[in-house]
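1. Please work out how this folds:
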Amino acid sequence: MDKGLMNLLTAPLLQRVTRILMACLPAPICPPLRAAQTELHRSLRLAFDLATTHHRTVVLDPCRKASEGRISLRLPEGVRWGRPAAVPLPPSLADSGWRGGRPRPITVMPHRRAAANVWFLHHGRQALCLRLDLTGSVELLRYRPLLGTWIAC
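-> Predicted coordinates for the structure are as follows:
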């Protein structure tokens, strides 16, 4: 086999192997996004617990003050709502028609049901995507800029 042809064939393979190895290696998430991730988990758990305990709907609202039946979500300094233009949608949302924009409140109901919703947060080039489906199942994804891909948190 020709040496030039061999180099052409091995370069893409080497890139794939490198990406797989990079995905396997742990890469730290920046502290502000780590704090936001913790706040998201804490707030969702509280919303589901309150809805179940009191048999009432609870709203997790990213942009308003807390009040009866509403939990306010506070983001760490430097963390912003939305998905930067340079960050692609996760593959599971690519064909969903999701438009983005301002995050809508999450409505949590008793018996671990919820209004489906998607939230994006970012800090610099790193981003988080929270997906909540109708059954209350939560998926939290993290964008890895070096790999150009989304991974589960």
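2. In this structure, where is pLDDT below threshold?
-> 1-11, 18-19, 21-27, 95-101 (pLDDT under 70).
3. So which other helices or strands are in contact with the lengthiest helix in it?
-> In the chain, with assignment by DSSP state H, the single longest helix is helix 31-54. Secondary-structure packing of helix 31-54 (3 or more C-beta pairs under 8 Å, 6 or more residues apart in numbering; DSSP states H and E): strand 58-61, strand 70-72, strand 106-109, strand 117-123, strand 126-132, strand 138-144. No exception for glycine: its C-beta is placed from N, CA and C like everyone else's.
4. contacts for the first one?
-> Residues external to strand 58-61 that are found in contact with it (C-beta atoms under 8 Å, 6 or more residues apart in numbering): 43-44, 47-48, 50-51, 69-73, 105-108.
5. Need the residue closest to the centroid of the protein.
-> C129 (1.6 Å; C-alpha atoms, centre = their mean).
6. pretty sure it is in contact with P103, am I right?
-> No. Under the criterion of C-beta atoms under 8 Å, C129 makes no contact with P103, lying 11.3 Å away.
7. so what sits against both of these two?
-> In contact with both C129 and P103: 119-120, using C-beta under 8 Å, 6+ apart.
8. Give the bridge partners for the residue nearest to the centre of the chain, please.
-> Taking DSSP bridges as the rule, C129 bridges to F120, L141.
9. Next up, the contacts around it.
-> 83, 90, 93, 118-120, 139-143, 150.
10. Closest one of the contacts of strand 58-61 to C30?
-> C30 has its nearest neighbour among the contacts of strand 58-61 in L73, at 18.4 Å by C-beta to C-beta.
11. That'll do, ta.
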